[in-house]
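Q: Please work out how this folds:
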Amino acid sequence: MEIAQLQAYGYFILTTTLVVILYGYIYHLYTKRKDSDGHDYEDYGNLALKDDVTDTPVSAISDDKEK
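A: Numbering: from 1, shown residues only. I've put the predicted structure just below:
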């Protein structure tokens, strides 16, 4: 077995491993959208696009004090 063939096998194994890790990370992001506090930060994705004064806020702030 030549060094070029070993390099080709190594490249294939490395590429396949990185693709599996990437898809696993993407799956993790879409299944765990909420953090430990229950906030879904994906709502903040359009914050820069919807920044007009008349747009609805991403998270409503109440004037009542929490008890």
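Q: Which residue ranges of the chain form strands?
A: Counting by DSSP state E, the chain has no strands to list.
Q: Tell me where it is predicted with low confidence.
A: Applying pLDDT under 70 to the chain flags the ranges 34-40, 62-67.
Q: Nearest to the spatial middle of it, which residue is it?
A: L29 (4.4 Å; CA atoms, centre = their mean).
Q: Distance of that residue relative to L14?
A: Distance, L29 to L14, by CB to CB, to the nearest Å: 23 Å. Using the backbone N, CA and C atoms, a C-beta is placed for each residue, glycine as well.
Q: And Y23, by the same measure?
A: 15 Å.
Q: same deal with V53?
A: Distance from V53 to L14, by CB to CB: 51 Å.
Q: ok, now K50?
A: The gap separating K50 from L14 is 41 Å, by CB to CB.
Q: Repeat that for Q5.
A: Q5 is 15 Å from L14, by CB to CB.
Q: What of E42?
A: From E42 over to L14 (counting by CB to CB), the distance is 31 Å.
Q: hey, where'd the helices end up in the chain?
A: For the chain, applying DSSP state H gives helices covering 3-31.
Q: Now for Q7, how many residues are close by?
A: Neighbours of Q7 under the rule other CB atoms under 10 Å: 10.
Q: Same check on Y44?
A: Residues near Y44, counting by other CB under 10 Å, number 11.
Q: With adjacent residues omitted, what lies nearest to it?
A: Once flanking residues are discounted, Y44 sits nearest to V58: 5.8 Å by CB to CB, 6 or more residues apart in numbering.
Q: Good, wrapping up.
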